[in-house]
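Trainee: Coordinates for the following, if possible.
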Amino acid sequence: MVTTGIGPPYSGYLAAIGDADSVQAANRAFYDAFERRDLDAMSDLWEHSERVLCTHPGWATLRGWPAVASSFFALFQGQGQLQFLLTGEHVEVAGEMAWVSVEENLLGDHGGATVAALNLFTREGGGGWRVLAHHGSSVVAPPALVE
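Mentor: Numbers count the residues shown, from 1 in each chain. Have a look, this model is predicted:
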């Protein structure tokens, strides 16, 4: 694209903003489905393939859609209700892949916790985004400041 030297090539810039917004919406839909314990909504968000991965805090990595789906089924059967307050949400888009890093501040029946999460998305043929991987790691203490 030819520019006049004034600002970025706007069509690419606006497309990137649109992609980031749609990835952010897909990411928020993930947490909404989790809070509502809606297995159908969660299933609609994920790619259904053997390449998907999910690591819940304290769990071994699960590989393939059947194992990941089973994990959400088990989690949604639990008695405690969870609410996610997302902070530090950062979206990156690179072509057909996107990722969101976020702190999941969990409020539940038994107190709260913070989980550092990374959610990886892939763009499907129709332009929508599907979860390809979720990794959550419990935050035990804030990191020491490095000078």
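Trainee: got the buried residues for stretch 58-78?
Mentor: Using 16 or more other C-beta atoms under 10 Å as the test for burial, stretch 58-78 gives 62, 65, 68-69, 71-72, 75. Every C-beta, even on glycine, is put in place using the N, C-alpha and C of the backbone.
Trainee: Next, name the residue at the spatial heart of this protein.
Mentor: With distances taken as C-alpha atoms, centre = their mean, residue 119 lies nearest the centre of the chain, 3.3 Å away.
Trainee: Mind jotting down where the helices sit in this structure?
Mentor: Secondary structure of the chain (DSSP state H): helices located at 10-36, 39-45, 65-77.
Trainee: helices or strands next to the first one in the packing?
Mentor: If I follow you right, that is helix 10-36. Applying 3 or more C-beta pairs under 8 Å, 6 or more residues apart in numbering; DSSP states H and E, one finds that helix 10-36 contacts helix 39-45, strand 82-94, strand 97-108, strand 111-123, strand 129-138.
Trainee: Spatially nearest residue to the residue nearest to the centre of the chain, not counting backbone neighbours?
Mentor: Distance criterion C-beta to C-beta, 6 or more residues apart in numbering; nearest residue to residue 119, sequence neighbours excluded, is residue 100 at 4.7 Å.
Trainee: which ones are touching the one you found?
Mentor: For residue 100, the contact set (C-beta atoms under 8 Å, 6 or more residues apart in numbering) comprises 23-24, 27, 89-92, 118-119, 121.
Trainee: Now render the residues you listed as JSON lines, adding distance to residue 33 and pLDDT.
Mentor: Formatted as JSON lines, the contacts of residue 100 follow (distance: C-beta to C-beta, whole Å; pLDDT from 0 to 100):
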{"residue": "23", "distance to residue 33": "16", "pLDDT": "97"}
{"residue": "24", "distance to residue 33": "15", "pLDDT": "96"}
{"residue": "27", "distance to residue 33": "11", "pLDDT": "98"}
{"residue": "89", "distance to residue 33": "17", "pLDDT": "97"}
{"residue": "90", "distance to residue 33": "21", "pLDDT": "97"}
{"residue": "91", "distance to residue 33": "18", "pLDDT": "97"}
{"residue": "92", "distance to residue 33": "22", "pLDDT": "97"}
{"residue": "118", "distance to residue 33": "18", "pLDDT": "98"}
{"residue": "119", "distance to residue 33": "12", "pLDDT": "98"}
{"residue": "121", "distance to residue 33": "14", "pLDDT": "98"}
